[in-house]
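1. Show me how the following folds:
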Amino acid sequence: MLEEIRRCFDLGRNRTGRQDPEFGAVQIVDIALKALSPGINDPTTAVTCLDYLTGILRHLGGRTIPSRFRSGPDGRTRMIARRTDFGRMADLCFRQIRRYGAADATVCLALLQCIERVAHVVTDGEWRQVLREQAERAASSAERELQDESDRAEVRARAGEVLASLSGPPRAEAAVGTTA
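-> Now for the predicted structure:
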């Protein structure tokens, strides 16, 4: 019996994406941040990272997150798991990219597109509010950081569209978990 239990766990020194979905997202965000650094200045790679993060959030947004409490057959709690929360994951995926990509219109527009694509699969009202707040923060950051007025106007208009789409019911999409 003890050996069967041990086989259920893979213990090691490092986090893995399989055991910790936040870790996989952090790795992708790190790639995006390196791409956005002044020495590299590669917004295309940052946008590609946003596409992958969109896939992660769409997968999560189309699911019901299980309870932290794991019970045995007798109904007694056997384990309390660390739970990934949608708001925490969205913040993890978008916050730093929003901050360091705010001066690049391409990155700002891609971020808004990601938020909108995630919104297509999210039906939970609280989670849609999380996305609304993310879109508002993206628009606000772009308004402060973009130097060109035409870029600011384009991001402002796109943010308005995304916020409007978040006001209504989610638009159904067949391919949950795919990227743009």
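2. For this structure, which helix or strand comes out least confident on mean pLDDT?
-> Every helix and strand of the chain was ranked by mean pLDDT, DSSP states H and E. The lowest is helix 2-7, at a mean of 80.
3. and that helix, how far out from the chain's middle?
-> On the basis of C-alpha atoms, centre = their mean, to the nearest Å, helix 2-7 sits 35 Å off its chain's mean C-alpha point.
4. can you list contacts of the next helix or strand after it?
-> Toward the C-terminus, helix 2-7 is succeeded by helix 21-36 as the next helix or strand (DSSP states H and E). For helix 21-36, the external contacting residues (C-beta atoms under 8 Å, 6 or more residues apart in numbering) are 15-17, 40, 42-46, 49-50, 52-53, 56, 60, 84, 88-89, 92-93, 96-97, 100-101, 104, 107. Any C-beta I mention is one placed from the backbone N, CA and C, and that applies to glycine too.
5. hmm, back to that, may I have the least confident helix or strand of the chain exported as PDB, CA atoms only?
-> Extracted C-alpha coordinates of helix 2-7, given in PDB (Å, rounded to 0.1, in the frame of the first residue of the first chain):
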ATOM      1  CA  LEU A   2       2.800   2.500   0.900                       C
ATOM      2  CA  GLU A   3       4.500   1.800  -2.400                       C
ATOM      3  CA  GLU A   4       1.300   2.500  -4.300                       C
ATOM      4  CA  ILE A   5       1.000   5.900  -2.600                       C
ATOM      5  CA  ARG A   6       4.600   6.800  -3.300                       C
ATOM      6  CA  ARG A   7       4.100   6.100  -7.000                       C
END
